Every structure is written in C-alpha cells, then in structure tokens.
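# Below is the sequence, then the predicted model.
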Number of protein chains: 2
Amino acid sequence: MSVTFAQGFSAAGVAAGISAVEGKKDLALVVNNGPLDAAAGVFTSNRFCAAPVQWSRKALADGHIKAVILNSGGANACTGEAGYQQSVATAETVASLVGAKDPSDVAVCSTGLIGELLPLDNVLAGAKTAYAALANTAEAGADASQAIMTTDTKPKTVTLTGSNGWKIGGMVKGSGMIAPQLATMLCVITTDAVVSGGQMQAALNQAAEHSFNRIDVDGCMSTNDTVLLLASGASGVEPDKDEFNRLVREACSSLARQIIGDGEGASHDIRITVTGATTEDAALACGRAVAASNLLKCAISGNDPNWGRIVSSLGTVPESVAPYDSDKVTVDVNGVRICENGGAGRDRSEVDMTPREVHIDIDLNAGDAEATVWTDDLTHEYVHINADYES
Amino acid sequence: MSVTFAQGFSAAGVAAGISAVEGKKDLALVVNNGPLDAAAGVFTSNRFCAAPVQWSRKALADGHIKAVILNSGGANACTGEAGYQQSVATAETVASLVGAKDPSDVAVCSTGLIGELLPLDNVLAGAKTAYAALANTAEAGADASQAIMTTDTKPKTVTLTGSNGWKIGGMVKGSGMIAPQLATMLCVITTDAVVSGGQMQAALNQAAEHSFNRIDVDGCMSTNDTVLLLASGASGVEPDKDEFNRLVREACSSLARQIIGDGEGASHDIRITVTGATTEDAALACGRAVAASNLLKCAISGNDPNWGRIVSSLGTVPESVAPYDSDKVTVDVNGVRICENGGAGRDRSEVDMTPREVHIDIDLNAGDAEATVWTDDLTHEYVHINADYES
C-alpha cells in the first residue's frame, strides 16, 4: 500500500538492473497527480552528502515536487561532478516522462555503495519501464516500497486516516540511521490533504526531530538520508493544523520504529526513556549517550540487563548539558528497578529479558522533562553483516 | 619488571580471593621507599566515578603518595557511602603497614564489576600478605602487573632509561579505554628521578592527553580509570625537564599502544592519522569520528579497506570544528591512496590487509596540523566477550 494510500498518487517498483542482486526490484517511481504538488523534505547533514541529496535539496527549494525517483543498488555518493550529472540526467528523463515543466520538479534518491557511479543507461531505461507501470493501486505502492530495500529484510510502510477522510501513506528503507554504505535511509510520505509547503515543512521538521532523529542503530550518519513529504490535495480536505502535525509525526514515528525493528542483526529493540530531566535536551543527551554504548548493546544481546553499563554511559554526559545528582538516579529495565539512588536495586535476575522489546526507564530525579530514543542491540549478526558483506 | 624498574620502589601481586577466578592474583601493592614521595594523577571524568577514584583524587590533592593498592575482581563503583568506607579502610590498613603518617598517603584503585561491594576482609588480609611479599625485584613488578588484569590477555609494562641513568617503569591494565564493567583502565608509572609533584602533573597531563586520551576501543568511558605517576628520587638525578616530559609521554604511549594491542576481541590495531588540518583539535576531532565508526571497525575486521565508511564518518564532524573541503580529501590505507579528491582512487583490492596493524592516513588538505588516534576493529569476539561474559 504505502505511498498510494493517499489519493492523487501513483507509484511503481521495477527491476532495472542497478542492484547486484539479479532480478531484484531496484527502482521506484512516485508521481503526484495533483491538483497540488506541495513538498517538504529533510536531508542528511553529512558533509560528504551524495549527488542525489545535493540535487534534491535544490529541487525542493521552491516547495514543489511532482515526482520522486529512488534507486537501490548504488548511493551515487563521493562521485563528484559525474555523479551529480547522473542525478540531473535522471531528473530530466523523469520530468519529460511525467510532463513536468522543469527537471527541478523531480527529486532523486539513491542508496547503496558509496564511491561508484550508477549504471545510468539502466536507470534511465528503468525510469521508462517504471513510468509505464505506474498505478495508484496497493500493489504498486508495495512494489515501490520493495524496490528501495537494501539490507532491509522487509518493506516498511505506514497508512493513516485523518478526520473527514484525508490520508497519509508512507514508505521507508533503512536498517538503522545507519549504515552509510548499505543501509542509508530513504523515506517518502504522501498525503492527499490540502496543505501548503511551509506548513508541511514545519510539520516534517518536528516529526523528523521526534522520530528519525531519535533512533540510532550504530551511531553512523549516512551520506544519503532523505525524507520527503508530498501533498496532492486530492482529498479536497484542509485538515486541522494540529491534527496534520500529529499524523505526520505518527507516520514518521511508525516508520522509524519499523527501522529499529529491522535493524541490522538486531535481536532486541531497545526503548530508552529518560524522565526527571531539567530540559528535554538534557533528557535527549542522556538517552543518546546510553543508546550509543556498544557495551550496553552487547549486554542486551546477551540478555543481561547490565545497569552498570547504563549509568556509566549516563556519566559521560557533562553536567553543563544535563544537571543531575548521580546519587539520585534510578533505572528500571522491563519494569524492575535494578538501580536505585545510583546503586544496586532489585536483583537483575528478576528482569525478564525474553521479549524482543526492552524498556529502559531512567529517572534523573532532577526535573520534569523527558525524552525517548530507540536503539538496537549489538549482535554477532551485525558484525557479520558489516564485516563480511563486501568481501 | 614494570614498576620496580625505577629505584626506590617495591611491589607485590598476590591472590587475595577477590576475583571470582580461583587462585588468580588479584591484589597489587606498590610502595615508594623514597627519599621523595611526589605523585601526580589523572582520573576518569565519568560522573558515576567509583569510590576508589573519589578517595584517590582527594589523597593526591597534596601531591604526595607513599603507596598504591590496586585490586581486580571488583570496581567498587556505584556502591555509595559503604563503598567509599571500604576504600578508606583499605587505605588505613595499608598506611599502617607501610608506616605512612596518614591514610591519605595511600592511593586505592579498583577494577571489575560495577555495583557490588568488595569482600573487604579478603582485601585487608590480602594487603598484609602483599606487604609481606614486597620486593624490588623484576618478579615482584611482574606479579603486580598480573594482579591488576581482568579481560586483559597479557600484562602490559614499560621500562625506559634517561640520561645519567634515571629510570621510568610502568604497568597498565585495560582491554581498551573501554569496558566500564570489566576492563577499566588502571595505570601506575614509577620514576626514580628527582622531580616535583607540579612538574610531574604537568608532564602527566600532556602525556595522557597524547596517549590514553587518543585510544578508543569502543567509545565507552570507565567509572574507574586512574593513571598515577610516582617519584622516589632514589636515582639522585634531576632530569632535564624536556627529557622528563618526553620519557613520561613515551611511557604512556607505549602502555596505551599495548592496550590497543590487547583490545577486547580485536584482530586489527588501527592507527588513524589526520594531516592537513587547520588545527590539532580539528585533526583530533576527525580522527576520533573515524575511530568511533562501528561500520568501519566491522569492515576492517572483514579485511575491507572501506573508504566510504571513512569519509562518511569524517563528514559528521561539523565545519565549525574542522574546516575542510570534502572534494580535496585523500585517504590512504596501508599506503594505497584509495580515495582521491573525495572520490574513488586506486582500487581497494590493491590494499594488503593481512598485517595486524592497519594505517589509515587522511589528508584534509586544509592546513598544517595533524593528530593520531588508535582504535581496534569490531569483531565477533568483542560481541562474544561483552554479551556473554556475564551470563
């Protein structure tokens, strides 16, 4: 279903011979049939950002996008001017196919290996095949969500319906924030609501901040991360602003949660909630420090609710960032308070670590603010995927 | 040899029944027989710092330490007032044994599990056994360096001789910066030079900054890290200040390098040198960002000189911290320039990845400053040690 759930969008996913995996769908096309073509986006802040990111950032500057073409099988990152011209040529071809007046009405997204040019002939021929296959069916949306997968083990999609029937649909690929090489995050969310580009950008910024920016599989920032939000206005409904913001955030949160659920090699999805902080930023800094601990992530993969590794990560956050008294901190894992007043609490053997989802609740007892971040455990399989994939 | 190489020091390492491993040497004692008892130290900046760190930091405030007692088998961290009183009692016992006028002449170091009190009776009885075993022999120094090991697979020591025969000896434990739970870093360096506490502290700060602060096995900061430098003055030699600084730095660098060489589960030691930076801090920030990349560390463990993962890590350093042009960056791995002008260079298959030591040389081409950091690769064995050790 994914991006075709909202009215006014058609999509396709085809095998274009870009991926090294024979016959894998590797090219997706999403077209906004209007009447609106409003768009918003957020992109990686990596300074080695990929050619398609450079292109799409420019294309989006006027708040209008008519179509998005996305490929797996190659990131087109660190490919210089030649790589940039590949993104331009791809946008030009798609623009002429969909009848857009300018290539800058087309966004381009790529994911896969860094440092290599794409097989451009295959991309352009594939764009034509995809255009011919465009449909506004559930199957077409599903095809598109499959065509953007790399190390992902399953497609990740979301559908939501607002008051008076306006809709949001979305798809994402990514096995974490994560792997700059093989699991960069690409996301397209569509809506048939009648909204302005400015309103969408504000909603998306907020939503991304509370979803995609709060997951961390391995602390590695991609060169290609792109999240696009497109509005067709086809429902004719002008949604309540708060409801619109809320549903965009819900869509992003659902997709982000699905990325964590499909994190490379993960055997546990870990939710870290920090409460009792002086500010949300303080809570977030503490949550991120804990989420970044390889030692904790290894312990969780071994079903060990190791609170020593939690508090020692917490202890790396400077007092200027998060004021708290280490003697007042409590930590619950799956509901059992195993750390009380900064020291040992109930016995860790009381914690049931069998569920895939692990809840770490940290109370700093210093204020009223809180934040939640998600991460995965660190497993043999993660090392296997990232050590042995290439060779 | 280790800490007994310099004149004026005696040491012992005994099995005191603190470690869970039956019969393992787990208690070390180092005594400065003078005539001087000058001392300097650096400690973890973790806010959940262990009781012995709290004690030793106070004890060192006057620049004098007569003896150091170190145990493996328990970190005495997150143990509250009871844990602090254990450190006090240990210092009191050792002070009376060695005839120190005050417990604050004794530093205490602990390493092992977080969150549990030590078996104090065993520690105090062991201190007496260690005192009886004190000797200024090579064997006694070796025993001490073994008694502080946890996940370390080998003792790590250093001996250096300055002009006119003054000496430095040292020992360290730690399988990285690293494992706050089971591999915290403890280091004692002794010298028979005639030096003041102030001169020693300045030398040690510089040395630690360029050695222990530039290694990173897994990005995890310990609750117990302690580095102590003790001077007996027994050689009667007042060394040239520059030579003293240089040899202290050399001792720390050697010990830090040995930690990397014994990093948990590591199959490659990775030296990352960043040149062409605008400032040393900029070079260091870039080096640390690359050293922290799990993806790169996995790639290296799979013998893949994956430059995409190097530049994408580099790209996470903000321009305000390290100004450079991504189109001008070059990366050599083991002498082969596989990334040129921010894009693909020579083929990665040309890189010989068989040596244990891997050299990553990054030229930002933006200035004249440089810095070097060391890290280990991320292996199945690292996950195994840290996922399965406890359970």
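Ah, there it is.

# Please count neighbours and contacts with C-alpha atoms only from this point.
Noted.

# For stretch A:110-122, list every residue counted as buried.
A:110-118 (16 or more other CA atoms under 10 Å in any protein chain shown).

# quick one: the lengthiest helix in chain A to chain centroid distance?
The helix that spans the most residues within chain A, counting by DSSP state H, is helix A:241-261. Relative to its chain's centre, helix A:241-261 lies at 10 Å (CA atoms, centre = their mean, to the nearest Å).

# Would you mind listing the outside residues contacting that helix?
Applying CA atoms under 8 Å, 6 or more residues apart in numbering or on different chains, the contact partners of helix A:241-261 are A:156-160, A:162, A:168-176, A:203-204, A:206-208, A:210-212, A:215-217, A:269, A:374-376.

# what helix or strand does A:A193 sit in?
Using DSSP states H and E, A:A193 sits within no helix or strand.

# pLDDT value on it, please?
If you check A:A193, the pLDDT there is 92.

# ok, for it, nearest residue in space, not its chain neighbours?
A:G233 (4.7 Å; CA to CA, 6 or more residues apart in numbering or on different chains).

# what helix or strand does that neighbour sit in?
A:G233 belongs to no helix or strand, assigned by DSSP H and E.

# So is the helix or strand bottoming out on mean pLDDT in chain A next to chain B?
Within chain A, no helix or strand scores below strand A:215-216, which has a mean of 72 by mean pLDDT, DSSP states H and E. No - figure legend: strand A:215-216 not in contact with chain B (CA under 8 Å from any CA of the partner chain); closest approach 12.0 Å.

# Tell me where the stretch 251-391 of chain A has strands.
A:269-277, A:330-333, A:336-340, A:343-344, A:357-363, A:369-376 (DSSP state E, counting those that start in this stretch).

# Just the mean pLDDT for the fourth one, thanks.
Averaged across strand A:343-344, the pLDDT comes to 90.

# In JSON lines, list the strands of the stretch 251-391 of chain A along with distance to chain B and mean neighbour count.
Output for those, formatted as JSON lines (distance: least, CA to the nearest CA, whole Å; neighbours: other CA atoms under 10 Å in any protein chain shown):
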{"stretch": "strand A:269-277", "distance to chain B": "15", "mean neighbour count": "24"}
{"stretch": "strand A:330-333", "distance to chain B": "12", "mean neighbour count": "24"}
{"stretch": "strand A:336-340", "distance to chain B": "9", "mean neighbour count": "22"}
{"stretch": "strand A:343-344", "distance to chain B": "5", "mean neighbour count": "23"}
{"stretch": "strand A:357-363", "distance to chain B": "14", "mean neighbour count": "22"}
{"stretch": "strand A:369-376", "distance to chain B": "13", "mean neighbour count": "24"}
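
# how about those strands in JSON lines, adding distance to A:D304?
Listed next are the strands of the stretch 251-391 of chain A as JSON lines, based on distance: least, CA to CA, whole Å:
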{"stretch": "strand A:269-277", "distance to A:D304": "13"}
{"stretch": "strand A:330-333", "distance to A:D304": "10"}
{"stretch": "strand A:336-340", "distance to A:D304": "12"}
{"stretch": "strand A:343-344", "distance to A:D304": "15"}
{"stretch": "strand A:357-363", "distance to A:D304": "11"}
{"stretch": "strand A:369-376", "distance to A:D304": "14"}
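
# wait, which of these is closest to B:Q146?
Across the strands of the stretch 251-391 of chain A, B:Q146 has its closest neighbour in strand A:343-344 (29.1 Å, CA to CA).

# What pairs with the closest one, parallel or antiparallel?
Partner strands and pairing direction for strand A:343-344 (DSSP bridges) are strand A:336-340 (antiparallel).

# Off-centre distance for the strand it pairs with?
32 Å.

# Give me the angle between that strand and strand A:357-363.
40 degrees (axes from the mean of the first three to the mean of the last three CA atoms, to 10 degrees).

# OK, contacts around the nearest residue to A:E238 once chain neighbours are set aside?
Spatial nearest neighbour of A:E238, chain neighbours left out: A:V194 (4.7 Å); criterion: CA to CA, 6+ apart. The contact partners of A:V194, taken as CA under 8 Å, 6+ apart, are A:36, A:231-239.

# Go through the residues you listed and say which is closest to A:E81.
Out of the contacts of A:V194, the member with the shortest distance to A:E81 (by CA to CA) is A:A231, at 31.4 Å.

# of the strands of the stretch 251-391 of chain A, which approaches A:L124 most closely?
Judging the strands of the stretch 251-391 of chain A by CA to CA, what sits closest to A:L124 is strand A:369-376, at 37.1 Å.

# list the helices and strands that closest one packs on?
strand A:215-216, helix A:241-261, strand A:269-277, helix A:280-291 (3 or more CA pairs under 8 Å, 6 or more residues apart in numbering or on different chains; DSSP states H and E).

# try 7 Å
strand A:215-216, strand A:269-277, helix A:280-291 (3 or more CA pairs under 7 Å, 6 or more residues apart in numbering or on different chains; DSSP states H and E).
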